[in-house]
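> Fold the stuff below for me.
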Amino acid sequence: MYEAFQAIGVTSNMIHRRRLDHLLHETAETTGKKLLGDPMSTFIVGSQVEGSTTMGMRSDTDKVYRLDDCQMVLKLGAWQTGKDNLLAFKDETTPPQFYKLCRLQPTPDGRQEYRRVPIHVTDVVDEQGRVLVCNTVFDNHIKRNYEACGKGEFVKHGPSRSCSDRFDYVRALPCHDLPQECECLFTRSRPGHWPKSETLEYARQCPVFFIPQGHPHSPLNELQWRLSTSLTERKLMFDFTEEQMLVFILLKMLKKEYGKSKFGDNFSTFHIKTAMLFCIESHPPDIWHIDNIVECATYCINILIQFAQDNVCPHFTMGGVNLFDGKLSEPDIRELETFLIYLNENITEYICRLKMDSFGVKVLQKVHDKESNIKHQTEVLEPITWRVRNTLCITVQIICLQLSEMGVNKAVCWVSNRLTYLRGLQSEGSDLQREVADLLLPFLYGTLASIKASCITTQQPVTQDIIDLYQPSFECDLMNGKLKYASMLYCRGQYDQAADMLNQCEGLLGPDVAHVCGCHDRYYYCLSDTFLRNTSTVELLKTSSTSCVKFCKHELLCVPDHLQHEMYRTQTQKDRNERNELHKWMDLVVIDCEPFLYYLQYLVYRQKGNLPRRLLVMFNLMDYINDDLGKDLCDIAGGHMDTALHMLAHCWELEDRPDVAWQLYQRSINIYPTNNPAWVHLIRLFRKY
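This is a model prediction of the structure:
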C-alpha cells in the first residue's frame, strides 16, 4: 500500500511541499493586495493546501477572500471604528451554524444603532425595521468583474462565486469574536492525546468567517450566512501524521470512485474529514502506522456508519450542528449506511479495483515505480510554482499600471512607501511574509531606480544613489533586474558596462531555467523536472527563473527607442474592442527576458563595432523565435513572441535589410492582428522606403 502511494507522488515530502507552496501563494496574494491598497486577505483551504489530494482526484482550489474593511460583531458593544460593522444574530428562523447579519451605524454620541435605511440594492428591512444583508450582496459586483475581464461565465456553487468549476472562490466576512458554538472544540471531554494542547491553542487564535450561504431547505435562505471554521480545520489537518494523511486520502479516493455516483456531492469529503478527525481523537496513537492503513480506514468508516445509524453527523469544531441536515434525507442516510457497511466488509477488494491514479494496479504490483513518482511530483509542483510566480507578476504589473497613472513625483513617493512596508515585513513579519517580501522588494527597487534614472537627462550622469538602488533589484529573479539595469546603461551610452552585465546574464541561461509569463492571453511557463526537484520554491524563483520585464510610463528613457512603441499598441476602435480589463498589461512595455537579452546585446555590440558578436547574438534571437524545423514558437508557447519578432525586425532594419524586417512585422501581425505595434512599424517602413 505504501509503495502505491509513493508511486503516485503522495509522500510526506510532497505533502509538506504542497502545504508550504500554497501557503506561500496565499501570502503572496495577500501581500500584493495590501501593497495595492485592497482591503482583502486570501486564504487557501481544502485539499490542495492540506496535501490531501492526488492528480487523479482533480481537486479544485478553494480560496477564501476575507473582506478586511468589514467586521462582524456578536454584540452591539464590540463596535470597531474605521470598518463597516454588522451585527451577527440568531432568531427562531435560523438553523444551527447559520446567522443573520444586520447593518449598524454610529450615533453622534459614540454609541451604535441599527441602520434603518437600506444602502445596497439587495438589502432587506425586517419586521423590526433593521436592514439585513442578503448573501447575494456580492453577486452582481462579481458578475460585472467577470464580464469586464472577458470571463463571462458565473459559476455559483454553495457559497462559491467563480468563473470556473476548477476553482471555488468564497467572499467571507470576518467575525470579531469566537461564537459560543465554537467553544465545544476546546471544552468537550476527550482522551487527550489529540489534538495536542499547542494545536488547540493555535486553533483558538484562528479567525472564523461568515460566508454567503443559507440553509438549502429554509425559505429565508438568502438572509442567512453560514459560520465557517475552515482555518481551524486547516490547522487540525496540518497536525495529521503521514500515516493519518494516507488513510484520509485513501478514504477520499474510495468515496469519489464508488460513492459519488450514488450520492453526488451530498455525501461529501467534509463528512469523511469529520469522521477522520473524530477517529484520530478517539483512537490511540499507536494504531497509526504504515502497515495498518487499511485497518485504520475501516475504523473511520465504522464511525461514519455510527453517524448514519444515529442520523447525526456532528461537526468537529462546532456544537449543535448535524452535517447530514440539508444534505441527506432519511432514505438517503439508510442507503449510505448500507453502502458503508458493504464497503467496510469488502474494503480490500474495493481498493484493488480503484481506477483513480491506477492505484489498484499499483497496490497489486507492490512495486515502487520511481519514474511514475517523479512524473506525479512534476505534475503537482509545476502549477503550484507557476501560480506563485504568476501572483508576483500580476502584482508587479498592477503596480506599474498604477504608477503610470500618477505624476512622476507621486510615483517615486508611492514606491518609496511600499518599500518601507515590505522592509517592515522583512524584519517583523512571519516567515512566509519575509519570503514574499524578499521576492517583491527587488522588483520595486528596480522600478524606482529606472524611474529616477529616467528623470535625469541623457546629458547628465546617473548618480551613485540610483546605481545603488539597482543593486538589490538583481535578486528579483535570474535576469529581470539585471536586464533593466543593462537597458539603462545602453540608453545612457555606457556600452562597456552594459556588455559586461549582458554577458553575465547570458552565462545564467541553461536548460533548467524556468521562463514565465503571467500576462493575460500570453500565459507561458516552462519548468524542467530538475528545476522543480532542486530546492524550495522561493529559492527556485529567485535563482532559477525569469519573468517578463515590465516598464511603466515613467521608465521610458531607460528603454531602447524602438521598444517604446510597445506601450502604444492600442490605436484603433477595433483594438479597444478586443481588449478587456485583464489586457491592461498592453499599456506597458513588456518583454520576455531571453529575447530582450539578445536584442540589447545586438544594440550594444553594434555601437561597439563588434561585427562577429553582433551577428552571433542576432542569430541567437532568430533561434529563439524559430525551432529546428523553422516552426513558429508561438504555435506551441505563450509569452511576448510579437515583441521578440519586432526586436529581430529592428535588427534587420539596422542591417539595412528592410525587406526581411517587413516580413517579420507581417509575421507578427498574422499572429496578433490587433493591439500590435507592428502596424506602426509597417507604416514607418512604407513611408521611409
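> Residue 116: how many residues sit nearby?
Number of residues near residue 116 (other C-beta atoms under 10 Å) recorded here: 12. No exception for glycine: its C-beta is placed from N, CA and C like everyone else's.
> do residue 622 as well
Other residues close to residue 622 by other C-beta under 10 Å number 15.
> where's it, which helix or strand?
Per DSSP states H and E, residue 622 falls inside helix 611-625.
> So what touches the next helix or strand after that helix?
Counting by DSSP H and E, the next helix or strand C-terminal to helix 611-625 is helix 641-654. The contact list for helix 641-654 (C-beta atoms under 8 Å, 6 or more residues apart in numbering) reads 562-563, 565-566, 590-592, 595-596, 598-599, 602, 606, 618, 621-622, 624-625, 632-634, 658, 660-662, 664-665, 667-668, 671-672, 676-678, 681, 685.
> for the record, mean pLDDT for helix 641-654?
Regarding helix 641-654, the rounded mean pLDDT is 96.
> and if you look at stretch 70-88?
Per-residue pLDDT values over stretch 70-88 give a mean of 86.
> Give me the contact list for that stretch.
Outside of stretch 70-88, the residues within contact range by C-beta under 8 Å, 6+ apart are 69, 89, 99-104, 106, 112, 114, 133, 173-177, 179, 210, 225.
> repeat that for 7 Å
69, 99, 101-104, 112, 133, 173-177, 179, 210 (C-beta atoms under 7 Å, 6 or more residues apart in numbering).
> farthest pair in those residues?
69 and 179 (21.3 Å; C-beta to C-beta).
> Which one of those two is surrounded by more residues?
Neighbour totals were compared for residue 69 and residue 179, and residue 179 leads with 19 against 11 (other C-beta under 10 Å).
> shouldn't that one be in contact with residue 227?
Yes - using C-beta atoms under 7 Å, residue 179 is in contact with residue 227, at 6.2 Å.
> quick one: common contacting residues for these two?
Listed as contacting both residue 179 and residue 227 by C-beta under 7 Å, 6+ apart are residue 208.
> Separate out the buried members of the contacts of helix 641-654.
Among those, those scoring as buried are 562-563, 565-566, 590-592, 595-596, 598-599, 602, 606, 618, 621, 624-625, 634, 661-662, 664-665, 667-668, 672, 676-678, 681, 685 (criterion: 16 or more other C-beta atoms under 10 Å).
> for whichever strand or helix holds residue 41, packing partners?
Taking DSSP H and E as the criterion, residue 41 maps to strand 40-45. With contacts defined as 3 or more C-beta pairs under 7 Å, 6 or more residues apart in numbering; DSSP states H and E, strand 40-45 has these neighbours: helix 12-35, strand 61-67, helix 230-238.
> of those, which approaches residue 436 most closely?
Set against residue 436 and scored by C-beta to C-beta, the helices and strands packed on strand 40-45 come closest in helix 12-35, at 4.7 Å.
> From residue 281, how far off is the closest residue to residue 1 other than its chain neighbours?
Once flanking residues are discounted, residue 1 sits nearest to residue 293: 5.1 Å by C-beta to C-beta, 6 or more residues apart in numbering. Per C-beta to C-beta, to the nearest Å, residue 293 is found 19 Å from residue 281.
> Looking at the two, which is more packed in?
residue 293 (20 against 16).
> show me what contacts the more buried one?
1, 243, 246-247, 250 are the contacts of residue 293 under C-beta under 7 Å, 6+ apart.
> SS state for it?
Look at residue 293: counting by DSSP: H, G, I helix; E, B strand; the rest coil, its state is helix.
> start at 202 instead
All right, first residue 202 from here; so that's residue 494.
> so how far is residue 446 from it?
To residue 446, residue 494 is 10 Å away according to C-beta to C-beta.
> What's the local residue count around the residue nearest to residue 373 when sequence neighbours are not counted?
Leaving out its chain neighbours, the residue that sits closest to residue 373 by C-beta to C-beta, 6+ apart is residue 410, at 3.7 Å. A count of nearby residues for residue 410, using other C-beta under 10 Å, gives 24.
> Flag every buried residue along stretch 582-601.
582-583, 585-601.
> ugh, typo on my part, it should be stretch 459-469
Buried residues in stretch 459-469, counted by 16+ other C-beta under 10 Å: 460, 464, 467-469.
> cool, and stretch 210-218?
By neighbour count with 16+ other C-beta under 10 Å, stretch 210-218 contains the buried residues 210-212, 215-216, 218.
> next one: stretch 845-855
Buried residues in stretch 845-855 (16+ other C-beta under 10 Å): 845-854.
> Please apply the same query to stretch 361-379.
Quick answer for stretch 361-379 (16+ other C-beta under 10 Å): 361-364, 369-377, 379.
> and which of these is nearest residue 638?
Nearest to residue 638 among these is residue 375, at 23.7 Å by C-beta to C-beta.
> shaky segments in the stretch 352-501 of the chain?
Along the stretch 352-501 of the chain, segments meeting pLDDT under 70 span 353.
> Break down the stretch 302-451 of the chain into its helices, ranges please.
340-349, 385-388, 398-406, 431-439, 443-455 (DSSP state H, counting those that start in this stretch).
> got the ones you listed as CSV, with mean neighbour count and distance to residue 655 columns?
Output for those, formatted as CSV (neighbours: other C-beta atoms under 10 Å; distance: least, C-beta to C-beta, whole Å):
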stretch, mean neighbour count, distance to residue 655
helix 340-349, 14, 31
helix 385-388, 15, 57
helix 398-406, 13, 46
helix 431-439, 21, 44
helix 443-455, 23, 53
